[in-house]
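1. turn this into a structure:
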Amino acid sequence: MENRPKSPRLVAVDMDGTFLRSDNTYNQDRFVGILKRMKEQNAKFVVASGNQYYQLQDFFLDIEDEIAFIAENGAFVKDGKERIFAADMPHSTVEQVIDLCRKYPQINTILCGVNSAYCQKGTVSQAFFDVASLYYHRLAWVDDLKAVDDQILKFALEVPEERTMEFYTLLCQNLEGLVEPTASGHGCIDLIIPGCHKASGLERLCKRWQIDPQDLAAFGDSGNDIEMLQYCGQSYAMANADDRVKQTARFLCASNDEDGVLEILDQLYPKKQ
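-> Here you go, the predicted model:
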């Protein structure tokens, strides 16, 4: 294995299956120590996730203004207190996606906006809504998704896990040029604005901070991390990552349940002797 570079100027981490353990926790005390050492070296920490910003910020209460967030797979970017980007899916595209999803009752649909996420009454179960609320801390019932008055960032779909690739292909064929499907595992497929992904969010932050992509380190485990891993000079796949992610990344680290990200960050930003 090649020698591991030291002290990148920016570290970007996926959350589920990467930074977070399987029980949705992380070693907060250990991370706060690492973040302090990163700040001493003027290094940036970025959360890069497909999840909603309002859910992500709750993992970093008291320090959320010290880090940056790339949420909704690149459709929402925030640097500390300042929102620097929010995607805006055309209304015609939103309507076409809704029309297609309505043809397939197996698809559970969440419409993701800047102010909230939305589920349509009668199209998904209360049980699905309750589980989705764990990932969308702002989630509301509406009578009609087409009537939602919000700036739309993306769609989040859940399909039967064993049929993920079947629906992924169907979405690609029917929505080509309008949205880009990206799978994040467990039957979850996001529909994002073309060119709007985690790497595009990182590019916005790099331009803002004048950081070269070769000075970036990124950690991921699933398909929606691939563009980000390709963009960064120093890329890590978790031991629990998809094979395609492992083939993309330059390095392999311990699993999320073994605190693999923190293990590497302790090496990249070691404690002073």
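
2. which residues of the stretch 101-250 of the chain fall in helices?
-> For the stretch 101-250 of the chain, applying DSSP state H, counting those that start in this stretch gives helices covering 126-132, 164-174, 198-209, 226-231, 243-248.

3. pick out the residue nearest the middle of the chain.
-> Among the residues of the chain, the one closest to the centroid is Ser49, at 1.6 Å (Cα atoms, centre = their mean).

4. that one against Leu56, yeah?
-> Yes. With contact defined as Cβ atoms under 8 Å, Ser49 reaches Leu56; the gap is 5.7 Å. All C-beta atoms are positioned from the backbone trio N, CA, C, and that covers glycine.

5. please name the nearest non-neighbouring residue to Ile152.
-> Excluding the flanking residues, the one nearest Ile152 by Cβ to Cβ, 6 or more residues apart in numbering is Met89, at 4.2 Å.

6. my bad, Thr109
-> Cys101 is the one closest to Thr109 (Cβ to Cβ, 6+ apart), at 4.8 Å.

7. re earlier: surely the residue nearest to Ile152 forms part of a helix?
-> No. Per DSSP: H, G, I helix; E, B strand; the rest coil, Met89 lies outside any helix segment and is coil.

8. list residues touching both of Ser49 and Leu56?
-> 15, 69, 71 (Cβ atoms under 8 Å, 6 or more residues apart in numbering).

9. and the first one, what is it in contact with?
-> It refers to Met15. Counted by Cβ under 8 Å, 6+ apart, Met15 has contacts 47, 49, 51, 56, 59.

10. number of residues surrounding the last one?
-> With neighbours defined by other Cβ atoms under 10 Å, the count for Phe59 comes to 19.

11. that one in helix, strand or coil?
-> Phe59 ends up helix, using three-state DSSP.

12. okay, it and Ala239: tell me how far apart.
-> Phe59 sits 22 Å away from Ala239, going by Cβ to Cβ, to the nearest Å.

13. before we move on, what about the fourth one?
-> Applying Cβ to Cβ, one obtains 23 Å for the distance of Leu56 from Ala239.

14. tell me the strands beside the helix or strand bottoming out on mean pLDDT in the chain, with direction?
-> When each helix and strand of the chain is scored by mean pLDDT, DSSP states H and E, strand 180-185 comes last, with a mean of 83. Using DSSP bridges, the strands paired with strand 180-185 in its sheet are strand 188-192 (antiparallel).

15. tell me the angle the strand it pairs with makes with helix 164-174.
-> 20 degrees (axes from the mean of the first three to the mean of the last three Cα atoms, to 10 degrees).

16. quick check: buried residues in strand 188-192?
-> Within strand 188-192, the residues scored as buried using 16 or more other Cβ atoms under 10 Å are 188-192.

17. low pLDDT regions in the stretch 1-150 of the chain?
-> 1-6 (pLDDT under 70).

18. sorry, back to before: surely the residue nearest to Ile152 meets Val148?
-> No. With contacts counted by Cβ under 8 Å, Met89 stays clear of Val148, the gap being 11.4 Å.

19. so those two - more neighbours on which side?
-> When neighbours are counted by other Cβ under 10 Å, Met89 and Val148 differ, and Met89 comes out ahead with 23 against 19.

20. and the more buried one, how far is that from Ile192?
-> Taken as Cβ to Cβ, the span from Met89 to Ile192 is 9 Å.

21. so what sits against both of the two?
-> 154, 179.

22. what is the burial count for Asp257?
-> By other Cβ under 10 Å, neighbour count at Asp257 equals 14.

23. so who does the closest residue to it other than its chain neighbours touch?
-> Closest residue to Asp257 apart from its sequence neighbours, by Cβ to Cβ, 6+ apart: Arg21 at 5.0 Å. Contacts for Arg21 (Cβ under 8 Å, 6+ apart) come out as 256-257, 259.

24. how close does Gln28 get to Phe19?
-> Noted for Gln28: a distance of 11 Å to Phe19, by Cβ to Cβ.

25. and Asp257, by the same measure?
-> Counting by Cβ to Cβ, the gap from Asp257 to Phe19 is 12 Å.

26. try Glu66
-> 16 Å.

27. just want to know which of these two has more residues nearby.
-> Per other Cβ under 10 Å, whichever of Glu66 and Phe19 has more neighbours is Phe19, with 23 against 15.
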